[in-house]
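[1] Prediction below, plus the sequence it came from.
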Amino acid sequence: MNNLKIKKKIINLRKKINKYSNNYLNKDKSLITDKKYDFLFQKLINLENKYPIFKTNNSPTQIINYKFNKYKKKEKHIFPMLSIKSVYNFKKIKYFIKKINKIYNKKKFCCELKIDGIAISLIYKKNKLYKSITKGNGIYGENITNEIKVISSIPKKIINNNKKNKIEIRGELFINKKNFIKIKKKEKSFSNCRNLTSGTIRLLNKNLIKKRKLSFIAYDIIINNNRNNIKSHINCLKKINKLGFKIDKYTKKCNSINKIKIFYEKIKKIKKKLKFNIDGIVIKINNRKLQEKLKFNNNYINWAIAIKFDSKTKKTSIINIKFKIGKSGIVIPIIIIKPVYINKVKIKKINLYNLKYLKKLNINIKDKILIERKGDVIPKIKKVLKIYNTNNINYIKKCPYCKTNIDLNKNIPKCINNNCKQKKIKKIKNFISKNGFNIKFIGNKTIKILIKNKLINNIQDIFKLKINSLIKLNNFNYKKSEKIIKSIKYSIKNIKFINFIYSLSIPNIGLSSAKYIYKKFKNINNHLDKKNYTKIINKLNSLQIKSIKNFFNNKKNINNIKKILLIIKKNNFKFYNNYSTLIKLLFYLK
């Protein structure tokens, strides 16, 4: 990858991260999952570390995209108030512990709950609440003293023998589940507890802040601008508790990775019973002096790490069942559900594989279901909780796009009209997708326009497009047309065998099947015989084998592939030389 491409990749990543962080920090909206955001952020850190010439001072890895409220005073933190890095597997926790132990020799750790709220700082002078500051961008925060004073869970006076001490308490401000549900019924704009807490503090209405009954749990103390006067994190919590603050009662010393795992699993089991939302656990070094030695980087503190719970399920009910046509013509049921949030992502519908699967689940409108979303995977129905048997599904008899009668052959209803526009759109979309030829700047609308204007009819027609023909279309200027053509040319030069197979829209052959085919055939020479072919292909399931045979029994499909290979031959001889014979052998193309 040359420097220009690397720079472009970094710029695009920064734009994405800034967009997501701006919505999260300043608008109390979660556009993507925490996991996806953390992945993008780490990707940017890795690229900037690998190519430091592209590191800039305004990168989200260097500054936090926080917009300060013009109605609130800006205050500087005595010690930076930074985030804790989140991970999603124990390999990274193991690496974190190993790294610490290598430098400082078998250190003790503390595990505590990761509460889904917002971090704030409370400063006390002469045992009275003097000031309260939000986390802000970590260096500066907003003065929210007046707002905090109306929250009953925060002590306005502390029990301390030495009145001369200036005491700063840091902790998590949050709303409990019960209050969140009550507010959510009236105000549907807040997607989760964290966003509601943040939105509440932004309000200038003290009565409304008081009414929402926010809670506070403390986890850090700074006495007279010094963190080293208390030896351990456990003692720090004891001191905080004596001053009259609530602390996390589940906090526990864990001296090994196995004990941390036991703590994690225990909390995962009981998290539903907790009165407030948590999204993982935090692991901190117990020794406070060592915490100070390890310090922090631009974004995170170096002496703590969080592991988040990755999988979640939610109960919901079915509102409606609709149908769409897939790329191979199969009727795909779409389950419209009462919207729920999983990992801070709103889920409104679930796509099923086919009508056969819908009947197997035996679900209907009004039924109660349990849905699941692991990481960033498409949501699925995990369990049917209650069946009402209303029998009111209106199964489609005609294709909603071309009005052809639905073929009910072998219990898998499908549209068999080869000229169905929807099937064409889906096939072209799959062909140019990221897992296919990865052609950018062509979306659903553009595909429809190109088909309507008879510029494309088959997948290989994409490669016949020219700037002159595109600029004649509505809303297609020269710049947009040039981008599309450049992306098409780039895709031909960079296509890989796995993506080529995926792009063909062979029914039941997804990315994992394409990878398997490549893995098994890549080392076979040009003398592939029928015996070896059958032996390898038979490792696929019967439905996949049948799909491959049916696909390549169709002369139109064979002709399309031959045409695409000729285009590739002119522009990417390396691919053609390496894989054209293999493709022909694999599917017995003559």
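    Structure's in. What do you need?
[2] contacts, neighbours, all on C-alpha from now
    Noted.
[3] biggest strand in this protein by residues?
    Scanning the chain for the longest strand, with DSSP state E as the assignment, gives strand 311-325.
[4] Just confirm K125 contacts N160, I think it does.
    No. With contacts counted by C-alpha atoms under 8 Å, K125 stays clear of N160, the gap being 10.6 Å.
[5] ok, back up a step: and the longest strand of the chain, what's buried?
    T313, K315, T316, S317, I318, I319, N320, I321, F323, K324, I325 (16 or more other C-alpha atoms under 10 Å).
[6] Look up the closest residue to the fifth one, ignoring the ones flanking it.
    Spatially, and ignoring its direct neighbours in sequence, I318 is nearest to I337 (4.5 Å; C-alpha to C-alpha, 6 or more residues apart in numbering).
[7] Tabulate the CA atom coordinates of the helix or strand containing that neighbour in CSV.
    I337 belongs to strand 331-342 when assigned by DSSP states H and E. Extracted C-alpha coordinates of strand 331-342, given in CSV (Å, rounded to 0.1, in the frame of the first residue of the first chain):
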residue,chain,number,x,y,z
VAL,A,331,-38.7,-15.3,-0.7
ILE,A,332,-37.1,-13.9,2.5
PRO,A,333,-39.4,-13.3,5.5
ILE,A,334,-38.7,-10.0,7.5
ILE,A,335,-39.9,-10.1,11.1
ILE,A,336,-40.9,-6.6,12.2
ILE,A,337,-40.5,-6.4,16.0
LYS,A,338,-41.3,-4.0,18.8
PRO,A,339,-37.9,-2.0,18.8
VAL,A,340,-35.4,-3.0,21.4
TYR,A,341,-31.8,-1.9,22.1
ILE,A,342,-28.9,-4.5,22.3
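[8] what are the pairing partners of that strand, and which direction each?
    The partner list of strand 331-342 in its sheet, established with DSSP bridges, is strand 311-325 (antiparallel), strand 345-351 (antiparallel).
[9] of all these, which lies closest to S132?
    Set against S132 and scored by C-alpha to C-alpha, those come closest in strand 345-351, at 31.1 Å.
[10] now the buried residues of strand 311-325 in TSV, with distance to K135 and pLDDT?
    Below are those laid out as TSV (distance: C-alpha to C-alpha, whole Å; pLDDT from 0 to 100):
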residue	distance to K135	pLDDT
T313	31	80
K315	34	88
T316	35	92
S317	38	92
I318	41	93
I319	41	93
N320	43	91
I321	45	91
F323	47	91
K324	47	91
I325	49	91
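[11] just curious, which of those is nearest to K360?
    Closest approach between the buried residues of strand 311-325 and K360, by C-alpha to C-alpha: I321, at 14.8 Å.
[12] Relative to P333, how far out is the closest one?
    7 Å (C-alpha to C-alpha, to the nearest Å).
[13] And for Y518?
    31 Å.
[14] neighbour-wise, which of the two wins?
    Looking at Y518 and P333 with other C-alpha atoms under 10 Å, you find the greater number of neighbours at P333, namely 21 against 15.
[15] Which secondary structure state does the closest residue in space to Q62 that isn't next to it in sequence sit in?
    Nearest residue to Q62, sequence neighbours excluded (C-alpha to C-alpha, 6+ apart): N298, at 5.6 Å. Following DSSP: H, G, I helix; E, B strand; the rest coil, N298 is assigned to coil.
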